[in-house]
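# Make a model of this:
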Amino acid sequence: MNSIQEIIGKFKLNVLHIAEVPESYSSEVYKLTLVDQEDVYVKIPFNKDKLFREYEMLEKLTGIIPVPKVLDIWDGDDRTAGALLLSAIEGMPCTGVVDQQLAYQIGVVHAKLHNVTMPGYGVQETAGFRTLEDNNWRLYIKGNFEKWQEPCQEILKPELFAKCVAHFDGVFAALPEPDGPCVVHMDFRPGNILIKDNQVVGIIDYESARAGSSEIDFTKINTYVWEVDPRVKLPYLQGYETIRPLLDLERVLPFYSFYDAFCAVAWCRKRGLEKNKAYLQESLSVLEKLVGD
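So this is what the prediction gives:
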């Protein structure tokens, strides 16, 4: 709580109440009620790159899709990465039942996000936008997988690890040509989709967003929405296609479900196995299912 008190001072806020927002997996997020009864949010990112990544994406997407407004930014010091002061969106995370009408809307908004073009494949960092090596999306994906092998090998059973390495080559080679570069959210899941009266009113959490191919951005919608109720997949796709064409998802989804789960194992290794036990187990189950262990 000490860091939030310091940041409240930096933003010169008169605060009536502070509430920590749960399930903010990478950053610290606080909901502040000010003395005039206005609600705002403070987001303290894991590192400074994430601070500027979220800031730049929110500025870019304002007026295109519903996102929080950046009210202020503090670029931190030697102890704290910095913080964003964000407006509140009146809505709740879309973690309940998604009907066909809502699925259609989510598809439209997701496509509008992907319709924002970028100058190259890459990611925002503290010093500015860094274009990927050779501006090559495929090389980036393959490089990530190779980087994650060492931490994953420490956790996965030897047979499962070997199957994962062998599995990658086959599904990677089957991918269609990437589209983009466009904005990809990288964590487009129900918890980051805000709704009110069965309407999409906000998309939040851009600390991992970057310029990529849209193919990477369907995994969590598939896992947490389409697989829960397959009937809402078609309305989502119909909504999406009113804005832009889809890639061949039948070729995309099997790869990225595997890639996402493998990444998650490495992420849990880095951020703490005990603290992220449930997420680790979920990811291991996905890998075991996909590679036939």
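
# mind giving me the domain ranges of this structure?
2-88, 93-291 (automatic domain parsing).

# okay, those in JSON lines with mean neighbour count and mean pLDDT next?
Every C-beta, even on glycine, is put in place using the N, C-alpha and C of the backbone. Conversion of these to JSON lines gives the following (neighbours: other Cβ atoms under 10 Å; pLDDT from 0 to 100):
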{"stretch": "domain 2-88", "mean neighbour count": "16", "mean pLDDT": "93"}
{"stretch": "domain 93-291", "mean neighbour count": "17", "mean pLDDT": "95"}
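
# And the helices in the stretch 1-150 of the chain, which stretches?
Listed in chain order, the helices of the stretch 1-150 of the chain (DSSP state H, counting those that start in this stretch) span 2-10, 48-61, 100-114, 137-155.

# possible to save these as a markdown table with distance to K275?
Converted to a markdown table, the helices of the stretch 1-150 of the chain look like this (distance: least, Cβ to Cβ, whole Å):
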| stretch | distance to K275 |
| --- | --- |
| helix 2-10 | 18 |
| helix 48-61 | 18 |
| helix 100-114 | 30 |
| helix 137-155 | 14 |
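
# out of those, nearest to V165?
helix 137-155 (6.8 Å; Cβ to Cβ).

# now the next helix or strand after the closest one and helix 137-155, what's the angle there?
Using DSSP states H and E, the helix or strand that directly follows helix 137-155 along the chain is helix 158-173. The directions of helix 158-173 and helix 137-155 differ by 170 degrees, with axes from the mean of the first three to the mean of the last three Cα atoms, to 10 degrees as the criterion.

# next one: helix 158-173 to chain centre, how far?
The chain centroid and the centroid of helix 158-173 are separated by 24 Å, computed with Cα atoms, centre = their mean, to the nearest Å.

# any residues touching the following helix or strand past that helix, and which ones?
Going down the chain from helix 158-173, the next helix or strand is strand 182-184, by DSSP H and E. With contact meaning Cβ atoms under 8 Å, 6 or more residues apart in numbering, strand 182-184 is reached by 57, 60-61, 113-118, 209-214, 216-217.

# Next: stretch 144-156.
Where contact means Cβ under 8 Å, 6+ apart, the residues beyond stretch 144-156 that reach it are 161, 164-165, 168, 172, 259, 262-263, 265-266, 268-270, 273, 280, 284, 287.

# if we go to 6 Å?
If you take Cβ atoms under 6 Å, 6 or more residues apart in numbering as the criterion, stretch 144-156 is touched by 161, 168, 262, 265-266, 269.

# Please apply the same query to stretch 231-249.
Counting by Cβ under 6 Å, 6+ apart, the neighbours of stretch 231-249 from elsewhere in the structure are 98, 100, 103-104, 106-108, 111-112, 115, 176, 215, 226.

# And stretch 97-112, by the same measure?
If you take Cβ under 6 Å, 6+ apart as the criterion, stretch 97-112 is touched by 64-65, 198, 200, 225, 232, 235-236, 239-240, 243-244.

# Mind checking which of those residues are in strands?
Assigned to strands by DSSP state E, the following of the contacts of stretch 97-112 qualify: V200.

# how near is T62 to L84?
Look at T62 and L84: by Cβ to Cβ, to the nearest Å, they are 13 Å apart.

# my bad, P254
Using Cβ to Cβ, one gets 36 Å for the distance from P254 to L84.

# Same check on G63?
Between G63 and L84 the distance is 18 Å, computed by Cβ to Cβ.

# Please apply the same query to T117.
For T117, the distance to L84 (Cβ to Cβ) stands at 24 Å.

# so L16 makes contact with K31?
No: contact status for L16 versus K31: not in contact, 11.4 Å apart, counting by Cβ atoms under 6 Å.

# residues bridging contact with the two, i.e. touching both?
Residues touching both L16 and K31 by Cβ under 6 Å, 6+ apart: none at all.

# The nearest residue to D49 once chain neighbours are set aside pairs with what?
Taking Cβ to Cβ, 6 or more residues apart in numbering, and ignoring the residues beside it in sequence, D49 has E125 as its nearest neighbour in space, at 4.7 Å. Here E125 shows beta-bridge partners G128, assigned using DSSP bridges.
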